[in-house]
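test case, fold it:
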Amino acid sequence: MKKRHACVLGASGFLGSHLVHHLLCTGWHVNAFDRIIAPNPLITADLLDSYTSFPGNFFETPDLMQALEGCDVCFHLISTSLPKTSNENPLKDVQQNLEGSLTLLECIRNSNVHKIIYSSSGGTVYGIPQTQYIREDQPTEPLCSYGIVKLAFEKYLALYRNLYGLDYTILRISNPYGPLQRTEAAQGVIGVFLGKILRNESLTIWGDGTVVRDYLHVSDVARAFVLAAQTNTHNKIFNIGSGVGESLNTIINLLRSITGMSISVNYEKGRIFDVPYSVLDITKAGADLGWSPILNLEEGLRDTWAWLCHQQSNTIKC
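Got it, this is the predicted structure:
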């Protein structure tokens with residue numbers, strides 16, 4: 001049987017690193033594309049024969065075409081903006097993320113790739129929820145440019161299917177966390193919190209800590225991507241989350257219990273783009289993709305803390 005061949009755009013990022021590893025472990029050959037291909041600590045020596053790195057520029061057609069060559073499926077994980085800063089320069093957001101992604105679609109149309117899996121945002125495309133659990137058919141009213149651009153590209157994927165027959169699946173992901181998440185980044189609250197705890201710094205909460213989100217371990221996200229690539233379904237958009245909402249205050253209390261450390265918290269004025277409650281309904285992903293989360297929040301936090309402690313074994317006792 002011919003080995004399945006995938007191109008992962010954004011392969012050196014947090015999610016991309018886990019996706020590459022999961023693809024390799026399930027028998028795929030992977031073309032890993034990113035601006036700089038960083039070493040992936042998840043890839044063991046026995047997997048390297050099925051791994052090819054393609055450092056390149058996402059905005060250069062020749063670089064993309066080289067990475068796509070020979071691939072059946074493309075996973076698009078690249079984004080250059082963040083929800084909390086995208087409104088500061090919407091034009092740049094459109095130029096880099098929407099125009100760049102449309103260039104990618106043209107490259108795919110001129111390649112042998114038959115399916116694209118797109119990493120969209122379950123936390124921003126819907127805006128203020130209309131129901132307790134957000135289904136895929138809820139109205140989409142993003143409050144930031146980041147969400148608008150994600151939603152716009154979703155529409156272009158549907159257009160390219162109608163015009164050219166390109167198959168696609170969109171995964172609207174909640175809030176992933178886990179090993180390899182950057183602890184000094186501007187996004188990813190659990191990674192940021194754990195980094196501050198390791199450095200014995202105070203945590204900053206925007207608002208009173210009652211904002212509720214849907215947190216999902218990155219290994220469960222990676223598994224959803226692979227299932228989306230392997231499953232034929234007439235549904236094209238899936239929520240990928242835990243299906244369970246937790247407040248920031250609950251997260252902090254869990255981290256106090258898991259780390260055994262004293263954690264100080266500073267509460268600042270809330271931000272306009274932070275919706276008060278966002279939990280995804282994941283029923284459709286279960287029915288069509290056969291996917292559901294494996295790790296609950298406490299298990300996932302313990303796994304992430306253990307990984308960080310291992311990385312910091314010379315400087316901290318966990």
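
please count neighbours and contacts with C-alpha atoms only from this point.
Will do.

quick one, strands of the stretch 51-200 of the chain?
51-55, 73-76, 115-121, 167-173, 175-177 (DSSP state E, counting those that start in this stretch).

which strands border the fourth one, and is each parallel or antiparallel?
This means strand 167-173. strand 115-121 (parallel), strand 237-240 (parallel) (DSSP bridges).

could you do the last one as well?
Strand pairing for strand 175-177, using DSSP bridges, gives strand 212-217 (parallel).

need the strands paired with strand 167-173 in CSV with mean neighbour count and mean pLDDT, can you?
As requested, the strands paired with strand 167-173 are arranged in CSV below (neighbours: other CA atoms under 10 Å; pLDDT from 0 to 100):
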stretch, mean neighbour count, mean pLDDT
strand 115-121, 22, 97
strand 237-240, 26, 98
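
A158 is nearest to which of those?
Each of the strands paired with strand 167-173 has some distance to A158 by CA to CA; the shortest is strand 237-240, at 10.4 Å.

can you name the element that comes right after that closest one?
Sequence-wise, the next helix or strand beyond strand 237-240 is strand 245-247, with elements assigned using DSSP states H and E.

residue ranges with poor pLDDT in the stretch 151-300 of the chain?
Scanning the stretch 151-300 of the chain for pLDDT under 70 picks out 186, 273.

and the helices in it, which stretches?
189-198, 218-230, 248-259, 283-289, 297-311 (DSSP state H, counting those that start in this stretch).

which one of the ones you listed lies closest to A67?
Per CA to CA, nearest to A67 of those: helix 218-230, 17.7 Å.

and that closest one, what other elements does it pack with?
Under the contact criterion of 3 or more CA pairs under 8 Å, 6 or more residues apart in numbering; DSSP states H and E, helix 218-230 touches helix 14-25, strand 115-121, strand 167-173, strand 175-177, helix 283-289.

and G127, what does it touch?
Shown in contact with G127 (CA atoms under 8 Å, 6 or more residues apart in numbering): T140, E141, P142, L143, V275.

again with E184
E184 neighbours (CA under 8 Å, 6+ apart): G191, V192, G195.
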